[in-house]
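> Would you be able to build a 3D model of this:
(2 chains)
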Amino acid sequence: MTKLAETVNRFPSGGQKVLQTVVRYLLMILLALFMFGLILLIAGKDPLASYKDIFSSTLGSTRGFSEVIVSMIPMLITALAVALPFRVGLINIGGEGQLFIGAAFATFGALTFSNLPAWLLLPLMALLGMLGGALWAFIPGYLKAIGLVNETITSLLLNSVAPKIIGFLILGFWHSPRDTVKTPSFVDAARLPTFFGTRIHLGLVFGLILLIAFWLVMKYTRWGLEMRAIGSNPQAAKRNGISLAKYLVIVMCLGGGIAGLAGMVQVSGFYGTLFPNFSMNMGFLGFMICWLAGADPLGIVLMAFVVSVIYSGGNLLQLTRGLPYAVINILLAFTLFIVLARPTFFKGKKS
Amino acid sequence: MTLLSILGVLSSAIFSGTSLLYTTLGEVIDERAGIVNLGLEGVLLVSASSGFAVTALSGNPYLGILVSILAGGLMNMILGYLVLTRKANQLASGLALMFFGFGLSALIGKPYVSVRIHSLGRFILPGLASLPAKYSSLFKFDLLIYLVIPVAILVWWLLFRTRWGLGVRAVGENADTAYASGRDPRRIRFQALFAGGMLAGLGAAHLAIVYTMNWTEGMTAGRGFIAVALVIFSKWHPLRAIAGALVFSGAVAFQLLLQSSGVQISSNLLDTLPYILTLIVLIAWGGNRKHSAPASLGRVYQGSE
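Alright, predicted model coming up:
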């Protein structure tokens, strides 16, 4: 399990090492910014002005900062949906599909029980969302547990199926009378409350509570211990009487349920409606973030923040520099490339 | 359903399936060498946009196709650098490459949205020219379509009948053993990735320059992931990939036929067919491990220094 060893290395504890890690990550981000600057220069844009746009629009104002937090919310949750199964050695790359199905289940709740009060409807939608995601993750989890098919392949395949099902449901049943490509807007009772007059919604609390719970469970409970045991040596764990198959299925379903909750949070907290490509690759981004953070809760928060600044900044780049919005993916990819390549800036540091 | 409509389905399946088959063949080589390229979607987009841009600028589709092929190979070199030189995780690196492709292709392609280009000519094989016009018009294909089956055979020959192919497969099964028998796993994997990327680039070239003859952002619409599924569906075998690509693209063409004859079936649900078929095939083989994936697929080769 070299993966887990890596994990430990990436977020070391202890004063000097923390400082080194912080400096190292800052240097990596600078390198990514420099490379993207070159691309902008080649494209005939002014990199410095573009960066000024990106940072002033995201970190320079309360409103911009709140938007960064808003776009962080689904990333936190989908990253956790990968981190939990990762601890037992499962690679859940199916967050994207689980998020879609979770959103579909939650939307079903919002459209069917629209006359319920919010205190009843929102928990119902959250449960439905988790149920949807868990069901979608059950397929790869079960197939893996009985030793039939690797969960990576199955969850990847199911990613491509889920959006088509959403498209089918919207076009066939749920679309609003005026618009065939999305559902009617949810009633107010089906919307997560927002705070401070911004678009930050209750989903943030969901995400943070789940991350803290994840950290506590992994560190202090028997389940956490058993999960770590399975993750580091499944055969030894099995000999010690841990029920491997049961754990694999349950943990995979939990991961899927969390991704499903991310879907519910997006449709209920952010959009207030469901449309086919609402996800914006949040499931895949969650996978990347979890990987970069070494499945560590605090690392997930930091990485989600960085990715979120990049993504939110892209909006302004599109408005002021006349670049397609997708171009911001280059900066994201450079950041990912550099973190994945793990450059060493400090001499004598073992790689 | 007349003979004509069935031939029509076949014809449009061939048109839309060609780019899929080239891409799948590329991924077969990658995966035979032990590397899953989840960034295929991004590779396709960059190849398609750069090839299209060059075709639009130069007016020469052959030059565009060449650029597409090169762009595909180079994109895969990024993956190679990350997973081979820096030993990064393959899935995460592949996804990063996908995001890179989204961005770079949008930047390259932006000035060429809705630009018209000259494409390859279509011609009919000599033996078919004597058919009635309504049939023969269905089988007027371009050069890349005629080449796709020979290329599949070439890939099969390379993988199963040459020393190089033996090396690729050995590295995909067990890099350490391959190293012990005097091969350089990293070098072979780089070569396989470059070859695979070039084939993906050829697929993208057919899609953008020849088949649709335009560029739109995100035009590959999940073809990269379909190709990854197809590789599994065809059991990592280049010749079975021919049948696989035809089945997958035929399903889409078939849906148009059903609709024209009054049967209503959701195109969305029909689009899930490739993935569900692959899933069923995987489950069906579950017990029979002999024919499943190359043994060290997805593993990081730590090197032997």
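> Under a three-state scheme, what state does B:Q264 occupy?
Here B:Q264 is recorded as coil under DSSP: H, G, I helix; E, B strand; the rest coil.
> ok, it to chain A distance?
Here B:Q264 is placed at a distance of 10 Å from chain A (C-beta to the nearest C-beta, to the nearest Å). (Glycine included, C-beta is placed from N, CA and C.)
> What are the buried residues along stretch A:202-221?
By neighbour count on 16 or more other C-beta atoms under 10 Å in any protein chain shown, the buried set for stretch A:202-221 is A:L202, A:G203, A:L204, A:F206, A:G207, A:L210, A:L211, A:F214, A:V217, A:M218.
> Filter those residues down to the ones in helices?
With helices defined by DSSP state H, the entries of these inside them are A:G203, A:L204, A:F206, A:G207, A:L210, A:L211, A:F214, A:V217, A:M218.
> about what we covered before: okay, the buried residues of stretch A:202-221 in CSV with distance to A:V187 next?
As requested, the buried residues of stretch A:202-221 are exported to CSV (distance: C-beta to C-beta, whole Å):
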residue, distance to A:V187
A:L202, 16
A:G203, 18
A:L204, 22
A:F206, 20
A:G207, 24
A:L210, 26
A:L211, 30
A:F214, 32
A:V217, 35
A:M218, 38
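> Out of the residues you listed, the closest to A:K238 would be?
Taking C-beta to C-beta as the measure, A:K238 lies nearest A:M218 of those, at 19.9 Å.
> Can you list the low-confidence ranges for the chain?
Picked chain A for this. For chain A, the stretches flagged by pLDDT under 70 are A:1-15, A:344-351.
> To clarify, I was referring to chain B.
Within chain B, the stretches with pLDDT under 70 are B:1, B:129, B:262, B:286-292, B:303-305.
> Tell me how many other residues crowd the residue lying closest to A:R321 once chain neighbours are set aside.
Spatially, and ignoring its direct neighbours in sequence, A:R321 is nearest to A:K45 (5.3 Å; C-beta to C-beta, 6 or more residues apart in numbering or on different chains). Neighbourhood size, A:K45 [other C-beta atoms under 10 Å in any protein chain shown]: 18.
> Where does A:K45 sit, in terms of helix or strand?
Applying DSSP states H and E as the criterion places A:K45 outside every helix and strand.
> cool, and A:G197?
No secondary structure element spans A:G197, as it lies outside all helices and strands (assigned by DSSP H and E).
> From A:S66, how far out is it?
Distance, A:G197 to A:S66, using C-beta to C-beta, to the nearest Å: 9 Å.
> quick one: which of the two has more around it?
Counting neighbours by other C-beta under 10 Å for A:G197 and for A:S66 shows that A:S66 has the greater number, 17 against 8.
> Does anything pack onto whichever strand or helix holds that one? Which helices or strands?
Counting by DSSP H and E, the element that carries A:S66 is helix A:62-87. If contacts are counted by 3 or more C-beta pairs under 8 Å, 6 or more residues apart in numbering or on different chains; DSSP states H and E, helix A:62-87 sits against helix A:47-58, helix A:95-112, helix A:203-220, helix A:222-232, helix A:244-265, helix A:282-292, helix A:297-321.
> quick one: the longest one to helix A:282-292, angle?
Counting by axes from the mean of the first three to the mean of the last three C-alpha atoms, to 10 degrees, helix A:297-321 lies at 130 degrees to helix A:282-292.
> now do the fifth one
Compare the direction of helix A:244-265 with that of helix A:282-292 by the same axes, to 10 degrees and you get 120 degrees.
> Give me the helices and strands touching helix A:244-265, please.
Going by 3+ C-beta pairs under 8 Å, 6+ apart, helix A:244-265 lies up against helix A:62-87, helix A:95-112, helix A:118-145, helix A:203-220, helix A:222-232, helix A:234-239, helix A:282-292.
> Is chain B within reach of the last one?
It stands for helix A:282-292. Yes: Helix A:282-292 reaches chain B (C-beta under 8 Å from any C-beta of the partner chain) through A:F284, A:F287, A:M288, A:W291, A:L292.
> wait, doesn't the last one sit right on A:L336?
Yes: A contact is recorded between A:L292 and A:L336 when judged using C-beta atoms under 8 Å, the distance being 7.0 Å.
> Touching both of those two, which residues are there?
Contact criterion C-beta atoms under 8 Å, 6 or more residues apart in numbering or on different chains; residues bridging A:L292 and A:L336 by contacting each: B:A92.
> For these two, indicate the residue with more neighbours.
Neighbours per residue (other C-beta under 10 Å) separate A:L292 from A:L336, with A:L336 holding more: 28 against 25.
> residues from the stretch 151-300 of chain B in reach of chain A?
Within the stretch 151-300 of chain B, the positions lying close to chain A (C-beta under 8 Å from any C-beta) are B:217-218, B:222, B:225-226, B:228-229, B:232, B:266, B:268-269, B:271-272, B:275-276, B:278-279, B:282-283, B:286-287, B:293, B:298, B:300.
> out of the buried residues of stretch A:202-221, who's nearest A:T183?
Sorting the buried residues of stretch A:202-221 by distance to A:T183 puts A:G203 at the head of the list, at 18.8 Å, by C-beta to C-beta.
> what's the spacing between the closest one and A:W136?
For A:G203 relative to A:W136 (C-beta to C-beta), the value is 20 Å.
> Residue 152: neighbour count?
Using chain A. Each residue near A:T152 was counted by other C-beta under 10 Å, and the total is 20.
> Oops, wrong one, chain B.
23.
> Help me confirm that it comes into contact with B:A243.
No: the criterion here is C-beta under 8 Å, and B:A152 misses it with B:A243 at 10.2 Å.
> So B:R116: helix, strand or coil?
At B:R116 the chain is in coil, as set by three-state DSSP.
> how about the strands in chain B?
With DSSP state E as the definition, chain B shows strands at residue ranges B:122-123, B:141-142.
> Within its sheet, name the partner strands of the first one and how each one runs.
Spelled out, it's strand B:122-123. Each strand paired with strand B:122-123, and its direction, by DSSP bridges: strand B:141-142 (antiparallel).
> how about the residues of the stretch 201-350 of chain A that lie near chain B?
Among all residues of the stretch 201-350 of chain A, those adjacent to chain B (criterion: C-beta under 8 Å from any C-beta) are A:281, A:284, A:287-288, A:291-292, A:323-334, A:336-337, A:340-342.
> I'd like to know which of these are part of helices.
A:284, A:287-288, A:291-292, A:328-334, A:336-337, A:340-341.
> closest to B:A92 among those?
Each of these was scored against B:A92 by C-beta to C-beta, and A:W291 proved nearest at 4.2 Å.
> And for that closest one, the neighbour number?
By the criterion of other C-beta under 10 Å, A:W291 has 29 neighbours.
> Is there a neighbour count for the spatially closest residue to it that is not a sequence neighbour? I'd like the number.
Nearest residue to A:W291, sequence neighbours excluded (C-beta to C-beta, 6+ apart): B:A92, at 4.2 Å. Other residues within reach of B:A92, judged by other C-beta under 10 Å, total 22.
> hang on, isn't B:A92 packed against A:G286?
No: judged on C-beta under 8 Å, B:A92 makes no contact with A:G286 at a distance of 11.7 Å.
> May I have the distance across stretch B:29-42, first residue to last?
The first residue of stretch B:29-42 is 18 Å away from its last residue (C-alpha to C-alpha, to the nearest Å).
> Ok, stretch A:319-329 next?
The straight-line separation of the ends of stretch A:319-329 (C-alpha to C-alpha) is 16 Å.
> in it, what counts as buried?
Neighbour-count burial for stretch A:319-329 flags A:R321, A:L323, A:P324, A:Y325, A:A326, A:V327, A:I328, A:N329 (criterion: 16+ other C-beta under 10 Å).
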